[in-house]
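In: Build me a structure from this.
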Amino acid sequence: MTFHGGRRTQAERDAITVEIGYALCSAAFAAALLFGAVAGPALLFDLPPTLSALLLRTGQILAPVLFLARVIAVLVRFRTAPQPSQPGRTSPDS
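Out: I've put the predicted structure just below:
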């Protein structure tokens, strides 16, 4: 996406909105999956209290870190992705 000093078109605004929604949803899914994988055994099984607390704390720390990393990675990739200059064309001189 290039910003030419003017306003963004509706298509550009829609693309940004969709990409933000995708980033948030995929990040929430990945963070929930990670938390379930790390802290799940502590919630499902009768583990020693120290191990249970360690697994829960680790899940609580890693899930938000993964969430932020995923959101940032998706949005940066979207911002820097090259766009064709004309619809249906892969390069300006084709």
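
In: Quick check: which ranges of this structure have low pLDDT?
Out: The model of the chain has pLDDT under 70 over residues 1-6, 80-94.

In: Which stretches in it count as helices?
Out: 10-44, 49-80 (DSSP state H).

In: want to throw these into CSV with mean neighbour count?
Out: In this view, the C-beta of every residue, glycine as well, is placed from N, C-alpha and C. Shown next, in CSV, are the helices of the chain (neighbours: other CB atoms under 10 Å):
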stretch, mean neighbour count
helix 10-44, 14
helix 49-80, 14
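
In: Next, the contact list for Leu51, please.
Out: For Leu51, the contact set (CB atoms under 8 Å, 6 or more residues apart in numbering) comprises Ala42.

In: Let me know the distance separating Leu34 from Leu24.
Out: 16 Å (CB to CB, to the nearest Å).

In: can you check Arg13 too?
Out: Computed as CB to CB, the Arg13 to Leu24 distance reads 17 Å.

In: Also Ile72?
Out: Computed with CB to CB, the distance linking Ile72 and Leu24 is 12 Å.

In: Just to check, Phe67 is in contact with Ser26?
Out: No. Look at Phe67 against Ser26 with CB atoms under 8 Å: they stay out of range, at 9.8 Å.

In: quick one, what contacts Val74?
Out: Contacts of Val74 (CB under 8 Å, 6+ apart): 19, 22-23, 26-27.
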